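> Okay, sequence plus prediction incoming.
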Protein chains: 2
Amino acid sequence: MDIQQLIETMGRKARNAAAALAVLKPEDKNRALRCMADAFLSHRDEIKIENQKDMNAGEDKGLSKAMLDRLLLNDKRIDEMAQALRAVAELDDPVGEIFDMRVRPNGIKIGRMRCPIGVIGIIYESRPNVTADAACLCVKSGNAVILRGGSEAINSNRILARLMSEAGIASGLPEGSVQLVDTVDRAAVTALLHANQYIDLIIPRGGTALIKKVTEESTIPVIKHYSGNCFIYVDETADLEQATAIIENAKTQRPGVCNALETLLINRKIAASLLGKLAPILLGKKVELRGDPAVCEIVPQAKPAKESDWEEEYLDLILAVRVVDSLDEAVELINRYGSHHTDAILTKDYGNSMKFLTAVDSACVFVNCSTRFADGGEFGMGCEIGISTDKLHARGPMALKELTTAKFIALGGGQIKT
Amino acid sequence: MDIQQLIETMGRKARNAAAALAVLKPEDKNRALRCMADAFLSHRDEIKIENQKDMNAGEDKGLSKAMLDRLLLNDKRIDEMAQALRAVAELDDPVGEIFDMRVRPNGIKIGRMRCPIGVIGIIYESRPNVTADAACLCVKSGNAVILRGGSEAINSNRILARLMSEAGIASGLPEGSVQLVDTVDRAAVTALLHANQYIDLIIPRGGTALIKKVTEESTIPVIKHYSGNCFIYVDETADLEQATAIIENAKTQRPGVCNALETLLINRKIAASLLGKLAPILLGKKVELRGDPAVCEIVPQAKPAKESDWEEEYLDLILAVRVVDSLDEAVELINRYGSHHTDAILTKDYGNSMKFLTAVDSACVFVNCSTRFADGGEFGMGCEIGISTDKLHARGPMALKELTTAKFIALGGGQIKT
């Protein structure tokens, strides 16, 4: 079977599955999700064996530590994937939800009813737990999903998708609800991006090159998860103890993920005192500092930053640091160099916090906490299918509601328009 | 100035205006909208003179009655445009609205803050009141707007856009908030559709050819207002008096608009009795009936329908009529032939109403009222910028909320991720 045929066959299956999924009862979908979680736990060793193949290949290919960390499925992460499935099963079903009902002067009751989007294509790289999160959220929201993971995680993705699909079908989901494009041939991505007849929405997750390819090629609507060049701005009123703890956490707790801190802006008035506390801690944790001239003067171990450092997503133990004169300058730099993903201000000043929240044009804007909280799970959304850095339909962590649409409904009593 | 330069100049102006609009106080925007309404009323005669030029040209070009009706600006419609502006000024400002706030177990308060999208391009045909509605909703929601109307309404659009822009600037809006592409050269549309640097969203409103061109060419996200092939299904339990009144209203009250009825499905059990009442009324109002064989047998004046009649948007006094055996058949036909705009069921049966609401895959799904109510104004949204037949971001009438996006905000107290 050639690639075009493969995608069409998968698309047709998915379209049929979507029609059936849309009318399933919540409990039928939840039972399937719990069976998928059980399958992960009872096939734990198989998953680790398949993942080890990917890890070995990754090491041979010389993937970075951060990349290998993203690829790894250990017992803790398998438990987390199963827990995420169970947590989503516990959430309220978004489909059929009626909201915003109001009575018009003519007596018609007008409101909205939530419904699935249809068939969703997810194109992603490296992290195999995306396979579980994405499929689980699509099923719960009544959508069929076609998954296309990265070649470096093909063995992990294959076992996870197979376990979910089999457990789903065994517990009553329509066949074709969860499908993985099981080939590393890149032509499959192109075919997916032109399958308008079968796919309603494409969600790419991965590096800049992937996102660029997908948005330029796709004739299907796309919601992008662009890179996370996350900023923290420490203003002159910040609590320096607290700021130090938050910055250390945001940079070092898990540097390989998109909500990790990449660029630090410090108000000039407290630059020396903050860096006096912070720099030894970060350097002690092997964080490479790349600073502007003011930072390099305060911290001799810092390397001089290049222009490109302000817009780079390192996904590694590297931090760009810059001294600024004002909140306005910080906001301007964030909106210019940032990736509109997640940015935080650390401050004791009410006015500065409000101005930052309003003026920073990003999907997530935080006051006085770590950027690492930009995550569907942390937001109480169960788990997430990605973090949209687009502005339309979904912005920020995408979970169940973001995978649905809503029709207007009107309950009349014979009204005609006069 | 060539077209490319024209659009770039307009785009740059709009982008600057958007930054300033985003931080305007609600009252500043509302005052501008009220000044625009005043300008329409005090320049009523000028508007009618300019509109008459378009009407004359339209008659010379042989536009249909429905088209000419869409083009006409009489005293009533000028009053309505001014009233719509005032009504939108009275609505709550969507920008800065904070919603969905919740406290997470770690104490972080997480929620959303509504903000403008940026610069919106509207590409439309014939109806000049779109100029007023679109500009007004964009300004209220803090977006700059670039309008591109149809050549047949160029004189009407020019005076309306000029009055709004001048009144806006006089009352403190940034220059470039409301701009009309003042050329009938079609190259301007192509240039608009590739102005990604300046425009965040394109909303096309018009015939199938326009929408097709826009979606195929645009590199900017598009929300489509496709055609309105609206269906009514009359089930076997319907109140036939009420059904007759609703169908007459939906077909004849204003046949040239997108929420007018185009196709009628009737359950076989009541086909003869309903058509016995309904057909004489519709025929008396000069409605041409195009029926399937069963309908033609009951109504000798009906012409035989062709396959294409089931999917056509007439925008005229023509109605396709078909007899069906069941609700399932009706739903299947609506989802197959309809344009996913607005469809209604007329019934006394609770189960049928619920099934119809859930199973019909359209932007607006109604029970027991005229399809003519599918309208932002009727829904209490002030006025509308179009009716999205897409599923993403906005579905159905689009008004203020649909012209905004929302960022996540987090109010922390020093939390770090463990």
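Ah, there it is.
> For the stretch 51-200 of chain A, which segments count as strands?
Assigned by DSSP state E, counting those that start in this stretch, the strands in the stretch 51-200 of chain A fall at A:98-103, A:109-116, A:119-124, A:144-148, A:178-180.
> helix or strand for the residue lying farthest from the centre of chain A, which one?
In chain A, the residue that sits farthest from the middle, by Cα atoms, centre = their mean, is residue A:418; the gap is 48.5 Å. Using DSSP states H and E, residue A:418 sits in no helix or strand.
> how much space is there between it and residue B:370?
10 Å (Cβ to Cβ, to the nearest Å). Backbone N, C-alpha and C define where each C-beta goes, glycine included.
> and what of residue A:133?
Distance from residue A:133 to residue B:370, by Cβ to Cβ: 44 Å.
> Looking at those two, which one has more neighbours?
Neighbours were counted for residue A:133 and for residue B:370 using other Cβ atoms under 10 Å in any protein chain shown; residue B:370 has more, 32 against 25.
> Could you pull up the contacting residues of the more buried one?
A:412, A:415-417, B:246, B:249-250, B:253, B:261, B:344 (Cβ atoms under 8 Å, 6 or more residues apart in numbering or on different chains).
> quick one: which of these is most hemmed in?
residue B:344 (31 neighbours).
> how about it, phi and psi?
Main-chain torsions, residue B:344, degrees, to the nearest 10: phi -130, psi 150.
> just residue A:413 next, same as before
For residue A:413, the backbone dihedrals (degrees, to the nearest 10) come out as phi -140, psi 40.
> where along the stretch 1-150 of chain A do the helices fall?
Along the stretch 1-150 of chain A, the segments classed as helices by DSSP state H, counting those that start in this stretch run A:3-21, A:26-42, A:44-61, A:65-71, A:75-90, A:129-140.
> Mind giving me the packing neighbours of the fifth one?
In other words, helix A:75-90. Helix A:75-90 sits against helix A:26-42, helix A:44-61, helix A:129-140, with contacts defined as 3 or more Cβ pairs under 8 Å, 6 or more residues apart in numbering or on different chains; DSSP states H and E.
> quick one: is the last one near chain B?
No. Among the residues of helix A:129-140, none lie within reach of chain B under Cβ under 8 Å from any Cβ of the partner chain; the closest is 14.7 Å away.
> and that helix, what's its mean pLDDT?
Averaging pLDDT along helix A:129-140 gives 92.
> what's the answer for stretch A:69-83, then?
Stretch A:69-83 comes out at a mean pLDDT of 95.
> what about it, how long is it end to end?
Terminal residues of stretch A:69-83 are spaced 20 Å apart (Cα to Cα, to the nearest Å).
> List the buried residues for it?
Within stretch A:69-83, the residues scored as buried using 16 or more other Cβ atoms under 10 Å in any protein chain shown are A:69-73, A:77-78, A:80-82.
> can you check stretch A:257-273 too?
Judged by neighbour count using 16+ other Cβ under 10 Å, the buried positions of stretch A:257-273 are A:257-267, A:270-271.
> Looking at the residues you listed, spot the one nearest chain B.
Nearest to chain B among those: residue A:259, at 8.9 Å, using Cβ to the nearest Cβ.
> Pairing partners for residue A:112 in the sheet, please.
residue A:99, residue A:408 (DSSP bridges).
> what about the nearest residue to residue A:213 once chain neighbours are set aside, distance to chain B?
In space, and not counting its chain neighbours, residue A:213 is closest to residue A:189: 7.4 Å by Cβ to Cβ, 6 or more residues apart in numbering or on different chains. According to Cβ to the nearest Cβ, to the nearest Å, residue A:189 stands 19 Å off from chain B.
> ditto for residue A:368
Applying Cβ to the nearest Cβ, the value for residue A:368 to chain B is 4 Å.
> what's next to the helix or strand that contains that residue, contact-wise?
In this structure, residue A:368 sits in strand A:364-369 according to DSSP H and E. Outside strand A:364-369, the residues within contact range by Cβ under 8 Å, 6+ apart are A:242, A:246, A:259, A:341-347, A:353, A:356-357, A:371, A:373-374, A:387, A:396-397, B:108, B:113, B:407-416.
> and residue A:101, what is it in contact with?
For residue A:101, the contacting residues are A:109-112, by Cβ under 8 Å, 6+ apart.
> quick one: which of those residues is nearest residue A:55?
Set against residue A:55, the nearest of these by Cβ to Cβ is residue A:112 (46.1 Å).
> Quick check, pLDDT for the closest one.
If you check residue A:112, the pLDDT there is 96.
> Assess the claim that it and residue A:96 are in contact.
No. Here residue A:112 lies out of contact with residue A:96, judged by Cβ atoms under 8 Å, at a distance of 11.2 Å.
> Could you give the number of residues near the residue lying closest to residue A:157 once chain neighbours are set aside?
In this structure, residue A:157 finds its nearest non-sequential neighbour in residue A:149, 3.9 Å apart by Cβ to Cβ, 6+ apart. Neighbours of residue A:149 under the rule other Cβ under 10 Å: 28.
> I figured residue A:149 was touching residue A:128, is that so?
Yes. Look at residue A:149 against residue A:128 with Cβ under 8 Å: they come within range, at 6.9 Å.
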